[in-house]
Structure formats: structure tokens, C-alpha cells
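In: sequence? don't have it. structure:
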């Protein structure tokens, strides 16, 4: 290995180690993995552990009942689902569906959409290739496809906006992202993925399948080599279906032909159609809204058109005809070179600075937006909101960078005007919207205690607490004399309820100047509507949230009341 390769390997190792310390697997996932690995674990203990994470339990049930596993009859009981899966597939599903949520925070829609479409396509393709052509266990291949590109998330979190712009350009030009990363950094994000998974203690076979770099130094077994070939073939399928690069069609046909050998299986075109269909099904199961892409028929037509064009060019060259090729301008080459150098310097700066390991908000591109969101005045009446130290990582709400540009576009004077704009936005995006109203219990007593001059800081505290949670595209504004209204686009009812409990906990922990023993209590009311209909009035959402808030405060506060409108 050359000195340059060692340097690049060390850089990837350090970046993965930083990410591994900052982003850890959820406690429930680690507990499940420990139980699965123990010989004396019974089914009841395993079910109880999975039930601690309702979101994970729901995903497992949905996946078991999907076309990926295709049970003879629907399975509605979690215990039956765990028994149906067996220990090893369960372990792999838990690993695949329990990635740290903070790794996805602050990622812009275009890049995140690219990541999920590419990742799900690769995972499904790897599974289908293993089952249809090799007739071997497909769980490892599926998980390797699901995890191979998490290094892209690490790049985004460490390099911020400049790297996201870089990825967007690669997507628009339909270029090979791995190749472009190699040009800029000397390695691509797959190397970071392998090192991060090893840092987390993932099964060695998964890491070996993904870590092609390591294979250059050590020999690998036949089983790992075979699964690595399947993963490479799955990547080609993802480039065709997800990245819409039809020029890879000939390579796909060749790879599938080699894998099939003398075994009877689906043709390359039939297999690709099967993968395309199941990607949509898996996205629906996981509640992921993928960006709209080309239909399968369009992709196939584009591929054959590309092949025909290449054949014509080859025939022309054989006849001695000249063909001019589009050459990028020197100005663009120069600009790209500058951008690549800047990205590389940003990476080196990130690795040299210890601040990135201290807080998820200190990485490049995040520090400016996260600083000061919960600031109070120099002589605060209130303490800053905090989270109880005993709370687990699962209990803490994710901190997601807010897209302030999008929020500004949605802004409209007045709470009801803003709410109408958000409802219209969510209607167009076909997603749900929640309205959270929060206020203090026994406001009159608080007024007597703090005085009129400092009364407004109570409201500032609630608004600052909402803003600090940073739900994407949300709008938070005052409500009444002391309360706040938080409009949450693309937010399910369950998530809004979690936010509500976080606000109540923050108020519970605040201390009033000179009144350290006084218990301050807040109430929260939430109304949610899934994919608002064209004639849905925003006023209904507001009145429903107001009724819930009234019910919470009438119960002496400290509770979240919520309702879903149909």
C-alpha cells in the first residue's frame, strides 16, 4: 500500500471513529442484539424487548407481512412475527432499521431522496439476486445493501452544505458518485461505511462484504467473495433504476448472465422489473416517501435507446467517420477543481478540530444555525430547557436542522394565515400536518409571582424550547399571552406527542428567579390531519388543537391531549 493510500485510509478511519462516537445505535437495538446472541433467551423476553421500541416493532410487523417475506396469512401478533423470522433475520432487520436518527438530520430533500432510493434499490437487488440466482441466504446481502452507503450520511454531517451541493451536481449530471469522491478525497464513502460498522461492532461478515478496501490486504473466503459480487451487481441495478443511468444496462445484462451460469432464473429485464416493484413496496412499508422517478418502462426504453446510440457510434468509427464529443469548458473545469480542493480542505479541517466530537451542532454547516436558538437575555428570568440525564437516547427527541428558507416561503401574517399556508403545502406534498399548542397552567398565579414586566419571558421560553427541537420547515409563533403555537408539516401524530412531552419536561425543569421551589406546569394540545383533502379548512385544525389544550389545562396540566381529524 502506498503512502497516499495509507493517508487516505487513516483519514477515513478517523472520520468513521468520530462518527461512531457521536452517533450510537439505540439502546433497545443493542439490547435486542445481546438477547439474540444468548443461547438462554426465550421468546417472551425478546418480544418484551422489541415492544420497548414501538416504531421498531411496527416496522418488523410491516416488513414480515410485506412481499419480501410473503407469509401464507397476515401476521398481526409481534410474537408470531418474531417466531416467523427466526433469530438471525431478526438480528439483521434490527441492525438495518435502527440507524441513529441524528445521522439523517440536516440533510436536504434532494440528497436524502437520492440516498433512500439508491439504498433501498441496492438492498432489494442484493436480496433478489441472492434468492433468484444463487439460491443462498439473502439476509446478509440485504443488510449489506442497506448499510453500504451510510458513509454518505457521515460525509454530509461533517462537511455540511458544500458537500450536499457537490452531491446534487453529481446527481444532476448522472455521474458516478463513488468515482467523483475518489477524485476529491482519495476514497469514497463506502470505506467510511465499513469502518463505522466495524466501530459499532456489526457482524464481521457484513463488514467484510462491504469493505472492498480491506480485501486488498487480506484474503477473503469464497462465501464473502460471492456476496461481494452480488453487492456489486446490486449497485449496477441501483445505478440504472435509482440514478437513472441507462448506459449501465449492458453491464447489468453481462453480470446477471455470469451469475446465472447454467441455472434457470429470471432474465435481466424480468429481474430488474421485480426489483423496481419491490423498492416501491418496501418504501411504503417503511413510510418513506421517495422522490418521483421514471417508470420502469421508461427506464428500459432509455437503456435500449442508449445501447442503440452506442452501437451507431461504434459502427461509425469502424467506417472511419468522425464524431465530435462534448467537452466541458475550461471555466467549468476550473470551478470544479476549486470546489474539490475546498471540500478536501474542509474534511481535513473537520478531522483536525476536536469540536466536532463535542456536539452534533458543531460540525461545518451546522454550528451557525444551531447557535443561539434558545438564548435568553443576559439576566434571564428562566433557566434554559434541559433534558433529564436519566433519559435514554430513544427518549430524547431528534434535533433536526430547520430549513429556514422553506419556512420563510411558507410564512404569512397571523397564525391562521400561516396554518393555511402549511396545510396547502402538506396537501401538495401529500403528507400530514400537526398543530401543537402549549401554555402554562394557572397563568394568573405566575403573573403575580414574576410581575408584569418580566411576564413575556414565559412565552419566550416556550417558543425557544420549540425552536430548539428544530423540526424541518416548522413555524413557531406566540399564542395568547403566555403560550405558543407550533405548526409541524410532515409530522405524524405520534411524533408531535413526543414533542409535547419534551416541552412539558422542559417547563418542569425551568426555575423562576427567586422562586426556585415553585413547580411550573404546562399543558399541550395537538391536532393532526393526514394528507389534508383539497377542501380541508385550516380552522378545523386550530379549533381541535384548542379543545385539546383546554382539556390538558383543565386537568391541571402536565399531560398531552391529542386528536386526529379525519
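Out: Yep, it's here. Just so you know, these numbers come straight off a predicted model, no measurement behind them.
In: ok now stretch 425-435, how far from the chain's centre?
Out: Distance, stretch centre to chain centre, for stretch 425-435: 19 Å (Cα atoms, centre = their mean, to the nearest Å).
In: okay, how far is it across it, tip to tip?
Out: 14 Å (Cα to Cα, to the nearest Å).
In: I'd like the average pLDDT over that stretch.
Out: The average pLDDT within stretch 425-435 is 88.
In: how about that stretch: buried residues?
Out: Buried residues in stretch 425-435, counted by 16 or more other Cβ atoms under 10 Å: 425, 426, 427, 431, 432, 433, 434, 435. C-beta coordinates here come from the backbone N, C-alpha and C atoms, glycine included.
In: Let's see which of the residues you listed end up in strands.
Out: Counted as lying in strands by DSSP state E, out of the buried residues of stretch 425-435, are 433, 434, 435.
In: export the residues you listed to CSV and tack on distance to residue 71?
Out: Conversion of those to CSV gives the following (distance: Cβ to Cβ, whole Å):
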residue, distance to residue 71
433, 34
434, 33
435, 39
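In: For residue 100, give me its contacts.
Out: 23, 24, 25, 26, 393 (Cβ atoms under 8 Å, 6 or more residues apart in numbering).
In: Give the residue spans of the stretch 101-250 of the chain that score low on pLDDT.
Out: Counting by pLDDT under 70, the stretch 101-250 of the chain shows low-confidence ranges at 134-137, 213-219.
In: The stretch 401-550 of the chain now?
Out: 401-414, 450-456, 511-518.
In: and residue 445, how many residues sit next to it?
Out: 12 (other Cβ atoms under 10 Å).
In: I'd like the distance from it to residue 257, if you could.
Out: 78 Å (Cβ to Cβ, to the nearest Å).
In: and what of residue 85?
Out: From residue 85 to residue 257 the distance is 33 Å (Cβ to Cβ).
In: Neighbour count for these two, which is higher?
Out: residue 85 (19 against 11).
In: Surely that one and residue 60 touch.
Out: Yes - the pair formed by residue 85 and residue 60 meets the contact definition of Cβ atoms under 8 Å, at 7.5 Å.
In: Give me the common contacts of the two.
Out: Common neighbours of residue 85 and residue 60 (Cβ under 8 Å, 6+ apart) are residue 93.
In: Is residue 143 within a helix or a strand, and which one?
Out: For residue 143, the host element (DSSP states H and E) is helix 139-147.
In: next structured bit after that helix?
Out: helix 150-159.
In: after that following helix comes which helix or strand?
Out: helix 161-172.
In: Need phi/psi at the closest residue to residue 429 other than its chain neighbours.
Out: Once flanking residues are discounted, residue 429 sits nearest to residue 490: 6.9 Å by Cβ to Cβ, 6 or more residues apart in numbering. The phi/psi pair for residue 490 (degrees, to the nearest 10) reads phi 50, psi 50.
In: pretty sure residue 490 is touching residue 428, no?
Out: No - taking Cβ under 8 Å as the definition, residue 490 is not a contact partner of residue 428, at 11.6 Å.
In: about what we covered before: which helices and strands sit right next to the helix holding residue 143?
Out: helix 87-97, helix 109-129, helix 204-210, helix 222-241 (3 or more Cβ pairs under 8 Å, 6 or more residues apart in numbering; DSSP states H and E).
In: Check which helices and strands the first one sits against.
Out: With contacts defined as 3+ Cβ pairs under 8 Å, 6+ apart, the packing partners of helix 87-97 are helix 27-37, helix 54-64, helix 139-147.
In: With respect to burial, which of those helices scores highest?
Out: A comparison of these by mean neighbour count, using mean count of other Cβ atoms under 10 Å, puts helix 139-147 on top with a mean of 26.
In: residues in contact with the most centrally placed residue in the chain?
Out: For the chain, the residue whose C-alpha lies nearest the mean C-alpha position (Cα atoms, centre = their mean) is residue 104; its distance is 3.7 Å. Shown in contact with residue 104 (Cβ under 8 Å, 6+ apart): 112, 153.
In: who touches the host helix or strand of residue 416?
Out: Using DSSP H and E, residue 416 maps to helix 415-429. Helix 415-429 is contacted by residues 289, 410-412, 432-433, 435, 473, 475, 477, 479, 485, 487, 489-490, 529, 531-534, 536, 538-539, 541-542 when judged by Cβ under 8 Å, 6+ apart.
In: just the buried members of these?
Out: For the contacts of helix 415-429, buried by 16+ other Cβ under 10 Å: 410, 432-433, 435, 473, 475, 479, 485, 487, 489-490, 529, 532, 536, 538, 541-542.
In: Which of these fall within strands?
Out: 433, 435, 475, 479, 485, 487, 489, 529.
In: In contact with the fourth one, which residues?
Out: Applying Cβ under 8 Å, 6+ apart to residue 479 gives the contacts 415, 437, 438, 439, 485.
In: Look up how far residue 431 lies from the residue nearest to residue 429.
Out: 4 Å.
In: now do residue 462
Out: As judged by Cβ to Cβ, residue 462 and residue 431 stand 25 Å apart.
In: Contacts only, for the residue nearest to residue 439 when sequence neighbours are not counted.
Out: Nearest residue to residue 439, sequence neighbours excluded (Cβ to Cβ, 6+ apart): residue 483, at 3.2 Å. The contact partners of residue 483, by Cβ under 8 Å, 6+ apart, come to 437, 438, 439, 440, 459, 462, 549.
In: do residue 525 as well
Out: Here residue 525 is in contact with 436-438, 545-552, 560-562 (Cβ under 8 Å, 6+ apart).
In: so of those residues, which ones are in helices?
Out: Under the assignment DSSP state H, the contacts of residue 525 contribute 545, 546, 547, 548, 549, 550, 551, 552 to helices.
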